[in-house]
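Asks: Show me the folded form of this:
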Amino acid sequence: MSPLDYLLPYDFSPLTILSYMFLLGFYGIGIVRMPADERPGSLRIVTFVLGVMLCYGVMQTRFDYYAQYMFFVHRGQHLILHHIGPILIALSNPLPVMRYWFAKISPRWGLALGPLGRVYNLLQQPFIALFLFVGLIYFWLWPSIHFDAMLSRDLYWIMNWSMLLDGLLFWWLIFDPRPPAITSSLGYGKRILILAVAGVLQMILGAWIVFSRDMVYDVYEVCGRAWPLDPEVDQFLGGLLTYIPPAMMSIIGILLILRRAMREDGKYTNHSTNLEERAS
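Replies: Below is the predicted model of the structure:
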């Protein structure tokens, strides 16, 4: 195979390609049309595009073939869809671009988007967000459900899209750039607690896979593996990818939130002190 062949879709999905094209076009046109003083910096733009392209790469390149025939590659695919890609997108803070587009929406469209906003607010409740984030991982890795998802094209796409969309919702809740001191965004203490609980629960699942003595996911025996790798090694590597990297993502997230909290604590403390002095 030529290098170009590896970049072509294994399972061509017009909806997936159009979705990514729309997202990049939405973002790019928004940046071009925004006032120069409101545009995000080049680092944030690169971070956003990198996050989007990583997600695209594991869904619409040859990588997707290996993800369907090797368990550890599948776990790498979901690591990107549920963690790395959404984290990069959230850290790039596309909020100014989103605000620009929503400011252009007519009141009629605003009324139509109202129900979606209520659903979004419900999904961003801390307990619900945590339950969905960890629950989807457990759900799709439940052996019988995983078996069906890997053999059904429709279920396979639902699985991947649900992981991506939930990852975007969760990491946006965690890295919401609005300061809790002056907005309704989630407090930093709650964000840290959510990350800690999510990390522990993912470690438990990963450890179960790593230390399981039986073949948990025999669907790869039924379909055959892309490479002549020992089944126990494949499962062990997949368990490690479920165990270690997600826990590291939680730790990195906690450190970033602590850094932001410390920086903003002094900023808004000084701001409130100045307001009190002026009032007196």
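Asks: Follow the chain on from the helix or strand bottoming out on mean pLDDT in the chain and name the next helix or strand.
Replies: For the chain, counting by mean pLDDT, DSSP states H and E, helix 107-123 ranks last in confidence among helices and strands (a mean of 71). Later in the chain than helix 107-123, the nearest helix or strand by DSSP states H and E is helix 126-140.
Asks: Contacts for that following helix, please.
Replies: When contacts are defined by C-beta atoms under 8 Å, 6 or more residues apart in numbering, helix 126-140 is touched by residues 78, 82, 122-123, 145-146, 149, 159, 162-163, 166-167, 169-170, 173, 186, 190, 194, 197-198, 201-202, 205, 242. Where C-beta positions appear, they are placed from N, C-alpha and C, glycine not excepted.
Asks: how far is the following helix or strand past that helix from where the chain is centred?
Replies: Downstream of helix 126-140, the first helix or strand assigned by DSSP H and E is helix 143-151. From the chain centre to the centre of helix 143-151 is a distance of 22 Å (C-alpha atoms, centre = their mean, to the nearest Å).
Asks: Please renumber the chain so that the first residue is 21 from this point on.
Replies: OK, 21 is where the count begins now, so the last one is helix 163-171.
Asks: quick revisit: kindly give a single ChimeraX line that selects the buried subset of the contacts of helix 146-160.
Replies: Selection of buried members from the contacts of helix 146-160 for ChimeraX, criterion 16 or more other C-beta atoms under 10 Å:
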select :98,102,166,169,179,182,183,186,187,189,190,193,206,214,218,221,222,225,262
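Asks: quick one: which of the contacts of helix 146-160 sit in helices?
Replies: Those of those mapping onto helices are 98, 142-143, 165-166, 169, 179, 182-183, 186-187, 189-190, 193, 210, 214, 217-218, 221-222, 225, 262, per DSSP state H.
Asks: which residues of the stretch 121-270 of the chain score low on pLDDT?
Replies: 121-134 (pLDDT under 70).
Asks: one more time with 90, if that's ok
Replies: Within the stretch 121-270 of the chain, the segments meeting pLDDT under 90 span 121-141, 198-205, 232-235, 238, 241-249.
Asks: Now do the residue nearest to L171 when sequence neighbours are not counted: how many residues are near it, please.
Replies: With C-beta to C-beta, 6 or more residues apart in numbering as the measure, V239 is the residue that lies nearest to L171, at 6.6 Å, once sequence neighbours are left out. Around V239 there are 18 other residues, counting by other C-beta atoms under 10 Å.
Asks: repeat for the one 10 residues further on
Replies: By the criterion of other C-beta under 10 Å, L249 has 15 neighbours.
Asks: From G96, how far off is it?
Replies: 14 Å (C-beta to C-beta, to the nearest Å).
Asks: that older thread, just list the residues touching the residue nearest to L171, thanks.
Replies: Neighbours of V239 in contact, by C-beta under 8 Å, 6+ apart: 166-167, 170-171.
Asks: what are the phi and psi values for it?
Replies: phi -60, psi -30 (degrees, to the nearest 10).
Asks: Equivalent analysis for D238, please.
Replies: phi -80, psi 0.
Asks: Which of the three states applies to P199?
Replies: coil (DSSP: H, G, I helix; E, B strand; the rest coil).
Asks: so where does the closest residue to Y76 other than its chain neighbours fall, helix or strand?
Replies: Of all residues not flanking Y76 in the chain, Y40 sits nearest, at 4.8 Å (C-beta to C-beta, 6+ apart). Using DSSP H and E, the element containing Y40 is helix 34-53.
Asks: What is that helix packed up against?
Replies: Packed against helix 34-53 by the contact rule (3 or more C-beta pairs under 8 Å, 6 or more residues apart in numbering; DSSP states H and E) you find helix 62-79, helix 115-124.
Asks: TSV for those, including distance to D234?
Replies: TSV is the format used below for those (distance: least, C-beta to C-beta, whole Å):
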stretch	distance to D234
helix 62-79	28
helix 115-124	47
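Asks: With mean neighbour count added, can I get the ones you listed in JSON lines?
Replies: Shown next, in JSON lines, are the helices and strands packed on helix 34-53 (neighbours: other C-beta atoms under 10 Å):
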{"stretch": "helix 62-79", "mean neighbour count": "18"}
{"stretch": "helix 115-124", "mean neighbour count": "14"}
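Asks: averaging pLDDT over each of these, which comes out lowest?
Replies: The weakest mean pLDDT among the helices and strands packed on helix 34-53 belongs to helix 115-124, with a mean of 74.
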